[in-house]
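>>> Take this sequence and fold it.
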Amino acid sequence: MFEINWFDFIIVSLAAFRITHLLVFDEIAKFIRKPFISEIEIEDATGNKDIVFEARGIGIRHFIGSLLSCYWCTGFWVSVGIVLAYFYIPFVYPIILIFAVAGAAAFIESHID
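Purely as a prediction, here's the structure:
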């Protein structure tokens, strides 16, 4: 039925990682999250600050906010989109490859320190 070689599996996986991280955490995509999520900064007794994401509104707005505030949830749906694009829209492979290279670079950078 559907076949994917190991190299392309790794490419698709890295692209899913990078796009998910972009949507959920990166500052550049904040405009996408803003209508759906409130970012609340909380300070604990020791002075450490943490940001908590809270879905806004009701209905579909709340659903999308809940999705975008959950890395695992967003990752699942991003993966669905990338796999479907890989199999059915072959001309997006270079875009998937670009996100994969960015994902690999981010992974390497986070493990250098």
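
>>> What segments of this structure are strands?
37-43, 49-55 (DSSP state E).

>>> Mind listing what's buried along the last one?
Residues 53, 55 are the ones in strand 49-55 that count as buried (16 or more other C-beta atoms under 10 Å). Just so you know, the C-beta spots here come from the backbone N, C-alpha and C atoms, and that holds for glycine as well.

>>> What angle do strand 37-43 and it make with each other?
On the basis of axes from the mean of the first three to the mean of the last three C-alpha atoms, to 10 degrees, strand 49-55 is oriented at 150 degrees to strand 37-43.

>>> Might you report the residue contacts of Tyr93?
Tyr86 (C-beta atoms under 8 Å, 6 or more residues apart in numbering).

>>> Rebuild the strands of the chain as JSON lines, extending it with distance to Ala102 and mean pLDDT.
Shown next, in JSON lines, are the strands of the chain (distance: least, C-beta to C-beta, whole Å; pLDDT from 0 to 100):
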{"stretch": "strand 37-43", "distance to Ala102": "23", "mean pLDDT": "86"}
{"stretch": "strand 49-55", "distance to Ala102": "23", "mean pLDDT": "85"}
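
>>> Export the ones you listed as JSON lines, with columns for distance to Glu109.
Conversion of those to JSON lines gives the following (distance: least, C-beta to C-beta, whole Å):
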{"stretch": "strand 37-43", "distance to Glu109": "24"}
{"stretch": "strand 49-55", "distance to Glu109": "21"}
